[in-house]
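J.: Dropping a prediction and its sequence here:
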Amino acid sequence: MAKNGEKAASYDAGNIQVLKGLEAVRKRPGMYIGSTSARGLHHLVYEVVDNSIDEALAGHADRVDVIIHADDSVTVEDNGRGIPVDAHPTEKIPGVELAMTVLHAGGKFDKDSYKVSGGLHGVGVSVVNALTEKLKVWVKRDGKEHYMDFERGATTTKLKVLGKVGARERGTKVWFKPDNQIFTELRYDYSTLASRLRELSFLNKGVSITISDEREGQEKKETFLAKGGLKEMVQFLNSSRKPLHSEVMYCETEREGIEIELALQYNDGYNENVFSFVNNINTHEGGTHLTGFKSALTRTINNYASKGNFLKKADFTLSGDDVREGLTGVLSVKVREPQFEGQTKTKLGNSEVEGAVKTVVNEWLAAYLEEHPRTANIVIEKAVSAARAREAARKARDLTRKKSALDVGNLPGKLADCSLSDPALCELYLVEGDSAGGSAKQGRDRNYQAILPLRGKIINVEKARIDKVLSNEEIRTIITAIGTGIKEDFSIDNARYHKVILMTDADVDGAHIRTLLLTFFFRQMPELIEAGYIYIAQPPLFRVAKGKEEYYAYDIKERDDIAGRLGNGDGRGSVNVQRYKGLGEMNPDQLWKTTMDPETRTILRVDIEDALLADQVFQTLMGDEVEPRREFIAANAKFVKDLDI
């Protein structure tokens, strides 16, 4: 309440801001493209490419070209019908101007123009226009080439005809330069774009997608064309694995107006790698289409196993996890009116899709197994072997279960737990080595920081089955400490800490231990990464001191800058530089100040931006096959800055 004599701030209709046109996009870009960092920058390209792919889905285009220019501007061109240039009947401006300047304007909303379309939120190319410094568009259709340009979402050159073109020449070309007033990152990453474009080529068979990089020193060009569609995608995903059967199991059909494409191939690994898509959108959180597929796969394989007496001596049926062990699969459905739900709007909610997928997979897979008995036997044997290992794992897993939330007596003996019980406030440090663990225990804030020292290197879970994984004492200790359980027992609600921080030495061994831990979490407890609970500590590499002044440096450049400043620019002189080879070399106060104090520390949160790419990297670097690893090292050796020998 305003006191007498004070003027209260008025609140009336005049205080309500109306953001017209594309102002709202520029004001709150994160609402439309997720972020203004590298992720949002790349999203601009995906939005424009999605329009071109929609033309391909409608059967009007078979070529998309993407060019990263020397100044990090981008051109996307297709040979589709070209954005309409005639005046809109109610808006009275050309269709191309409408699509570029008005939110939620586009042919995607007219089901006669596009039966299905990608692009997640329907915000489309107008958002790209709003968030770019300049955007130019060329449209070839009806024997003419048309041109328009824009600046930060506003039209600067009205639609004009540049000249005549051949009657068969058609398509849309969009050039844009991201706005440095909006984005914190302005450099495009070639491999990020190439990965998404390769994925789109697999999902849209017969469409040729080319990416070119014109930047100095990194000139490159690749063309992606998958005539076999998802069949080729599965072969690509299994390229660093050993397939158990040479032929990819493949199905393509339509049921109740839903297009369904599915490709499956088993390998000799122990991890499930099933990816699902709806209208080219990667449904990370799954949904009804994936549920339908999984239940049909489990049921059909169990039916075949029972009929063939594979389970006559066994006292179990095959679970979903058993039949999906070592399975690489991709399911893609095209749905007219997809309903997305979930935290990131990447979970399909249409109930009718589940029934359609279930029926198709039941019929097709039953027939396939009957017609290919050798492959069927391999699949069943793999699943039965997984089921036996699961039984052994269950016994091992019982040792890792926490009896109850109150029973701290069941926690690992070497865990120094914290006193607070609210998981949202608690942190668990997984620390390399007992000496560093000792320093961390002394230096921590015991109210909310728990310490679990790890001895040696944990097992590489990429090469081990779940029963072997759970027989590893260090892994059992980690699972018990975190409290969520694992696999089918996993429950994120039981997590005892909402920050699990990996703290390893800043050397090769430390990097290896960190990689083994990340492999474990990615393969066995990915929900923790998806929830944003996994972090990496950033301990300093150097302590730079002179007299009573001391600073910590996290790389060589920072070390040299600090040393130069303390030595007054005349070399190091009496400046003392200490290189930390391990966490154990820091005393508890130093460890707290540099790596554990929330006020001063730097920790990196682990995200999975591209699950497909992450799967490839883990399999290449941590899997059994040596050749893909050698190729990866040879291709990336030139990027190594600091080599620890």
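T.: In hand now; what should we look at?
J.: So for stretch 70-82, what gets flagged as buried?
T.: Within stretch 70-82, the residues that qualify as buried are S73, V74, T75, V76, E77, D78, N79, G80, R81, G82, counting by 16 or more other CB atoms under 10 Å. Bear in mind the C-beta positions are built from the backbone N, C-alpha and C, glycine included.
J.: Okay, now the unreliable bits of the stretch 251-400 of the chain?
T.: Flagging of the stretch 251-400 of the chain using pLDDT under 70 yields the residue ranges 313-315, 342-345, 395-400.
J.: correction: the chain
T.: Applying pLDDT under 70 to the chain flags the ranges 1-21, 104-123, 313-315, 342-345, 395-410, 569-573, 610-611, 635-645.
J.: Which parts of it belong to which domain?
T.: If you go by automatic domain parsing, the domain ranges for the chain are 23-224, 230-398.
J.: and R496, which of the ones you listed is closest to it?
T.: domain 230-398 (17.4 Å; CB to CB).
J.: Remind me which helix or strand D589 belongs to.
T.: helix 588-591 (DSSP states H and E).
J.: May I ask which two of the buried residues of stretch 70-82 are separated the most?
T.: Those two in these that are separated most widely, counting by CB to CB, are S73 and R81, at 25.1 Å.
J.: Okay, strands next: where are they in the stretch 351-500 of the chain?
T.: 427-432, 449-454, 499-503 (DSSP state E, counting those that start in this stretch).
J.: can I get those in TSV with mean neighbour count and distance to L57?
T.: Output for these, formatted as TSV (neighbours: other CB atoms under 10 Å; distance: least, CB to CB, whole Å):
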stretch	mean neighbour count	distance to L57
strand 427-432	26	46
strand 449-454	24	49
strand 499-503	24	42
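J.: Now distance to F183 too, for those, in CSV please.
T.: Output for those, formatted as CSV (distance: least, CB to CB, whole Å):
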stretch, distance to F183
strand 427-432, 32
strand 449-454, 36
strand 499-503, 29
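J.: Touching, G82 and V174? I think so.
T.: No. Contact criterion CB atoms under 8 Å: G82 and V174 do not qualify, at 11.5 Å.
J.: now N460: how far from K468?
T.: 10 Å (CB to CB, to the nearest Å).
J.: meant to ask about I562
T.: Counting by CB to CB - I562 and K468 are separated by 47 Å.
J.: Validate this expectation: T298 resides in a helix.
T.: Yes. Assessed with DSSP: H, G, I helix; E, B strand; the rest coil, T298 lies in a helix.
J.: Contact partners for it?
T.: Neighbouring residues of T298 by CB atoms under 8 Å, 6 or more residues apart in numbering: L318, S319, G320, V323.
J.: Next: I93.
T.: I93 touches A87, counting by CB under 8 Å, 6+ apart.
J.: What of K347?
T.: Neighbours of K347 in contact, by CB under 8 Å, 6+ apart: T283, E285, G286, G287, F340, E341.
J.: can you pull out the strands in the stretch 151-300 of the chain?
T.: 154-164, 171-178, 208-213, 220-224, 249-255, 258-266, 273-278, 281-282.
J.: Relative to L518, which of the ones you listed is closest?
T.: Minimum separation from L518 across the strands of the stretch 151-300 of the chain (CB to CB) falls at strand 273-278, 16.7 Å.
J.: Break down the stretch 451-600 of the chain into its helices, ranges please.
T.: Ranges of helices in the stretch 451-600 of the chain, per DSSP state H, counting those that start in this stretch, are 466-470, 473-482, 508-524, 526-530, 556-566, 588-591.
J.: Return the list of helices and strands in contact with the longest one.
T.: This points to helix 508-524. strand 427-432, helix 466-470, strand 499-503, helix 526-530, strand 534-537, helix 611-622 (3 or more CB pairs under 8 Å, 6 or more residues apart in numbering; DSSP states H and E).
J.: among these, which is the most enclosed?
T.: Mean neighbour count (mean count of other CB atoms under 10 Å) peaks for strand 427-432 among the helices and strands packed on helix 508-524, with a mean of 26.
J.: so that strand versus helix 473-482, what angle?
T.: Angle of strand 427-432 versus helix 473-482, following axes from the mean of the first three to the mean of the last three CA atoms, to 10 degrees, is 170 degrees.
J.: shift numbering so it begins at 25
T.: Fine by me, first position is 25 from now on; the one you just mentioned is strand 451-456.
J.: Please enumerate residues in contact with strand 451-456?
T.: With CB under 8 Å, 6+ apart as the test, strand 451-456 has contacts from 442, 461, 464, 468, 472-478, 502, 505-506, 520-529, 533-534, 537, 541, 561, 606-607, 620.
J.: and Y70, how many residues sit next to it?
T.: Number of residues near Y70 (other CB atoms under 10 Å) recorded here: 20.
J.: and it, what element?
T.: Using DSSP H and E, Y70 falls in helix 62-81.
J.: So for that helix, what gets flagged as buried?
T.: Those would be 62, 64-81, for helix 62-81 by 16+ other CB under 10 Å.
J.: ok, Y576 - how many residues close by?
T.: Using other CB under 10 Å, Y576 is surrounded by 22 other residues.
J.: Taking their axis directions, the longest helix along the chain and strand 282-290 sit at what angle?
T.: If you go by DSSP state H, the chain has its longest helix at helix 397-422. Here helix 397-422 points in a direction 80 degrees away from that of strand 282-290 (the same axes, to 10 degrees).
J.: partners of A577 in the sheet?
T.: Beta-bridge partners of A577, counted by DSSP bridges, are F566.
J.: Around it, how many other residues sit close by?
T.: Residues near A577, counting by other CB under 10 Å: 19.
J.: Could you do the one 10 residues further on as well?
T.: Per other CB under 10 Å, the neighbour tally for A587 reads 22.
J.: and it, how far is that from Y604?
T.: 15 Å.
J.: looking at the strands of the stretch 175-324 of the chain, which is closest to I404?
T.: Between I404 and the strands of the stretch 175-324 of the chain, the shortest gap by CB to CB is with strand 282-290, which sits at 10.6 Å.
J.: just the angle between the closest one and helix 62-81, please?
T.: Interaxial angle, strand 282-290 versus helix 62-81 (the same axes, to 10 degrees): 120 degrees.
J.: now for strand 282-290, which elements pack on it?
T.: Looks like strand 282-290 contacts helix 254-261, strand 273-279, strand 351-358, helix 375-395, helix 397-422 (3+ CB pairs under 8 Å, 6+ apart).
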